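Undergrad: I would like to see how this sequence folds:
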Amino acid sequence: MNRILKTTVIAAAVMSVAGVAQARDQIRIVGSSTVYPFASYVTEEFGATTGNPTPVIESTGSGGGLRLFCNGVGEGTPDITNASRRMKVAEFERCEENGVTDITEAKIGSDGIVLGQSNENDVVDLTLEQIFMAVAAQVPVDGELVDNPYTNWSEIDSSLPDREISIYGPPTTSGTRDAFEELVMEVTSEEMDEYEEAYTEIRSDGVYIDAGENDNLIVQRLSEDTGAMGIFGYSFLEENTDTLNGASINGVEPEPEAISSGDYPIARSLWFYVKNQHAEEVPPMYDYVDMFMSEMMIGADGYLKDIGLIVLPEGEREEWRQAVADRTTMSVDVLK
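TA: Sure, this is the predicted structure:
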């Protein structure tokens, strides 16, 4: 082989190996749009107070984030992923298959899923069944399942507004969508004789509008399309009470106490996952994680409560904080 070419090949190989092991100071985070405002606050505080670069954070949705997280270990894969639902068994197994074998799970708080609308409309009280009948692809009519015929809320129940059904919501990659399907679609369909098993298919005839991963876009749409409703996390409602209101669900208003206690029917937990195998290559990672789990952030008087996080009870916060401090490696058993 030509000496110059041979030297070039060897140098390229050395640089490639060095690139994989090379330490970096900037943490890379992906995941849930619901967790994004909370994580963004922590990243900004981390960058401002520790002397480390502000972490790079991207809103990819819970499913998209976990897919990127589980792609493998090393350069080109994220260090942390946020999720508005717990990791699934299949996702954990895919992580293992790709060499991501040391993960710490962190629970940061709770959130409610709301059906919001413009303040130009009166607050509406919906039941889970009414919501299901508005969005399901097939619904029972006279004892048989048919393609959803409802185009107006008052067609579902005469007590509801005489208004066209138009709902902006998250895509299939979103943890908010997963939680909505579980807490609204599955729960409701399992109580209906017409369905042989839990039913989660959402209609695709234009009534339900996939508005993307960014909940802020749904909020913006509602200010323009004042007759529509939107499905998004409670924190976005709290940030926009001057323009939006949230429907009561089964007679329970979307308020922090009701979400935290579980009285509000559409409540879920918020998480992030840490790739411990990146700790040596990304030295600031654990400092960021510990800041996120601190009382200053997720505590009863923490900064994140001020922007809409529903805080965990004190004992539960301490348990999760300790698990993260111990860098506890999660097992698939906790997901079953």
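
Undergrad: Helices of the stretch 51-200 of the chain, start to end?
TA: Under the criterion DSSP state H, counting those that start in this stretch, the stretch 51-200 of the chain contains helices at 62-69, 89-97, 128-135, 153-156, 175-180, 187-189.

Undergrad: could those go into TSV alongside mean neighbour count?
TA: For the C-beta atoms, the positions are set from N, CA and C on the backbone; glycine is no exception. Listed next are those as TSV, based on neighbours: other C-beta atoms under 10 Å:
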stretch	mean neighbour count
helix 62-69	25
helix 89-97	16
helix 128-135	21
helix 153-156	17
helix 175-180	26
helix 187-189	19
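
Undergrad: ranking those helices by mean pLDDT, which is last?
TA: Mean pLDDT is lowest for helix 175-180 out of those, coming in at a mean of 90.

Undergrad: ok now stretch 202-214, how far from the chain's centre?
TA: 17 Å (C-alpha atoms, centre = their mean, to the nearest Å).

Undergrad: shift numbering so it begins at 45
TA: Yep, numbering from 45; the last one is stretch 246-258 now.

Undergrad: Okay, now it: how far is its last residue from its first?
TA: 19 Å (C-alpha to C-alpha, to the nearest Å).

Undergrad: What average pLDDT does that stretch get?
TA: 92.

Undergrad: Then stretch 319-329?
TA: pLDDT averaged over stretch 319-329 gives 97.

Undergrad: Of all the residues in it, which ones are buried?
TA: Lys319, Asn320, Gln321, His322, Ala323, Glu325, Val326, Pro328, Met329 (16 or more other C-beta atoms under 10 Å).

Undergrad: Max pairwise distance over the residues you listed: which two?
TA: Spanning the widest gap among the buried residues of stretch 319-329 are Gln321 and Pro328, at 15.7 Å by C-beta to C-beta.

Undergrad: wait, Ser154 sits on Glu301?
TA: No: at 11.0 Å, Ser154 and Glu301 do not qualify as touching, with contact defined as C-beta atoms under 8 Å.

Undergrad: ok, these two, which is more surrounded?
TA: Ser154 (20 against 10; other C-beta atoms under 10 Å).

Undergrad: Dump the buried residues of stretch 319-329 into a markdown table; add distance to Gly277 and secondary structure as well.
TA: Below are the buried residues of stretch 319-329 laid out as a markdown table (distance: C-beta to C-beta, whole Å; DSSP: H, G, I helix; E, B strand; the rest coil):
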| residue | distance to Gly277 | secondary structure |
| --- | --- | --- |
| Lys319 | 25 | strand |
| Asn320 | 28 | helix |
| Gln321 | 30 | helix |
| His322 | 28 | helix |
| Ala323 | 30 | coil |
| Glu325 | 32 | coil |
| Val326 | 28 | coil |
| Pro328 | 28 | coil |
| Met329 | 26 | helix |
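
Undergrad: Count the residues that sit near the spatially closest residue to Glu360 that is not a sequence neighbour.
TA: Closest residue in space to Glu360, ignoring its immediate chain neighbours: Lys151 at 7.6 Å, by C-beta to C-beta, 6 or more residues apart in numbering. Residues lying near Lys151 (other C-beta under 10 Å) number 20.

Undergrad: Over to the one 10 residues further on?
TA: Burial of Gln161, expressed as a neighbour count using other C-beta under 10 Å, amounts to 25.

Undergrad: Ala291 versus that one, what's the distance?
TA: 7 Å (C-beta to C-beta, to the nearest Å).

Undergrad: which residues do those two both contact?
TA: Common neighbours of Gln161 and Ala291, counting by C-beta atoms under 8 Å, 6 or more residues apart in numbering, are Val168, Met273.

Undergrad: So which residues of the stretch 195-344 of the chain form strands?
TA: 211-213, 252-254, 273-277, 288-290, 292-293, 311-319 (DSSP state E, counting those that start in this stretch).

Undergrad: Met236 is nearest to which of those strands?
TA: Among those, strand 292-293 sits nearest to Met236 (C-beta to C-beta), with 17.9 Å.

Undergrad: Point to the residue nearest the middle of this structure.
TA: Geometric centre of the chain, nearest residue: Ser128, 2.8 Å, by C-alpha atoms, centre = their mean.

Undergrad: shouldn't it be in contact with Leu314?
TA: Yes: counting by C-beta under 8 Å, Ser128 does reach Leu314; the two are 5.7 Å apart.

Undergrad: any residues in contact with both of these two?
TA: With C-beta under 8 Å, 6+ apart as the test, Ser128 and Leu314 both reach Ser76, Thr78, Val79, Asp155.
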